[in-house]
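Student: Compute the structure for the input listed below.
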Amino acid sequence: MASDDLSQLDDWLAPLLARLEAHERRRLARLVATDLRRSQRERIKAQRNPDGSNYAPRRSRDRQGAIRRKAMFAKLRTAKYLRVRTSAGGAEVGFFGRVASIARTHQYGLRDRVAENGPRVKYAERELIGFTDADRERVRDGVLDYLAGM
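Tutor: Next comes the predicted model:
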């Protein structure tokens, strides 16, 4: 999703959200962010980038020389690591703290060490966090449902 789409969504939501009290905005932000976290988790589990393409396959090999086929990021997609932060001013879904550097390495395809004193390796780009068209619709629908229930 382009940043233009996000700014259009923000322009559309701003007048609606301005009418809400701070505690209502925080509650709405928590509902929307939790739903987004769920969709991000499912997309990571399916090993797909936000544009729908598959993640680049692993290059590491086990003892027999075969590439490991298990899904990547099993721990990262848990609620312990894929966190939600909310306030009356907005919501964030992402990785925070130490695990954020691991996620950033994969998100942008950076270089990092495989082990503490191991060689530096360039990782393939695998977008762990990102908006899809379905996510934009999910946010819009979540806000409309919340406002309709008031």
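Student: Can you tell me the SS state at the residue nearest to residue 108 when sequence neighbours are not counted?
Tutor: Leaving out its chain neighbours, the residue that sits closest to residue 108 by CB to CB, 6 or more residues apart in numbering is residue 125, at 6.4 Å. For glycine as for every other residue, the C-beta is placed from the backbone atoms N, C-alpha and C. Here residue 125 is recorded as coil under DSSP: H, G, I helix; E, B strand; the rest coil.
Student: Let me see the contact set for residue 125.
Tutor: Applying CB atoms under 8 Å, 6 or more residues apart in numbering, one finds that residue 125 lies in contact with 56, 106-109.
Student: where do the strands sit along the chain?
Tutor: Taking DSSP state E as the test, the strands found in the chain are 82-87, 90-95, 111-113, 120-122.
Student: and of those strands, who's closest to residue 129?
Tutor: Nearest of these to residue 129, taken as CB to CB: strand 90-95 at 5.6 Å.
Student: coming back round to it: report the separation between the residue nearest to residue 108 and residue 27.
Tutor: Look at residue 125 and residue 27: by CB to CB, to the nearest Å, they are 35 Å apart.
Student: ok, now residue 133?
Tutor: In terms of CB to CB, residue 133 sits 26 Å off from residue 27.
Student: Next: residue 92.
Tutor: Taking CB to CB, one finds residue 92 at 16 Å from residue 27.
Student: quick one: which of the contacts of residue 125 is nearest residue 75?
Tutor: residue 106 (12.9 Å).
Student: list the contacts for the residue lying closest to residue 142 once chain neighbours are set aside?
Tutor: Leaving out its chain neighbours, the residue that sits closest to residue 142 by CB to CB, 6+ apart is residue 32, at 4.6 Å. Neighbour list for residue 32: 91, 138-139, 142-143 [criterion: CB under 8 Å, 6+ apart].
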